[in-house]
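Novice: model this:
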Amino acid sequence: MGVDYYNVLKVNRNATDDDLKKSYRRLAMKWHPDKNPNNKKEAEAKFKQISEAYEAFNLAN
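Specialist: As a prediction, the model looks like this:
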């Protein structure tokens, strides 16, 4: 089974575009590698996954 992008962005399946955008921004700020200099590898992986999820929703629209 593929990645559950709703879970990645921590939103429910009924989320609006605005909900997706808000969650993406919140998580992107939290996991941006520049904001996590002591844990850069994990932050890079999380940030990439968050960005991929948001992009997948944008491509679907």
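
Novice: where do the helices sit along the protein?
Specialist: With DSSP state H, the ranges of helices along the chain come out as 5-8, 17-31, 40-60.

Novice: want to throw these into JSON lines with mean pLDDT and mean neighbour count?
Specialist: (C-beta placed from N, C-alpha, C; glycine too.) Formatted as JSON lines, the helices of the chain follow (pLDDT from 0 to 100; neighbours: other CB atoms under 10 Å):
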{"stretch": "helix 5-8", "mean pLDDT": "98", "mean neighbour count": "16"}
{"stretch": "helix 17-31", "mean pLDDT": "97", "mean neighbour count": "15"}
{"stretch": "helix 40-60", "mean pLDDT": "95", "mean neighbour count": "15"}
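
Novice: show me what contacts the spatially most central residue of the chain?
Specialist: Centroid check for the chain by CA atoms, centre = their mean gives Ile50 as the closest residue, at 2.3 Å. Residues near Ile50 by CB atoms under 8 Å, 6 or more residues apart in numbering: 8-9, 24, 27-28, 31.

Novice: need the residues that contact stretch 20-37.
Specialist: So stretch 20-37 is contacted by 9-11, 15, 40, 42-44, 46-47, 50-51, 53-54, 57 (CB under 8 Å, 6+ apart).
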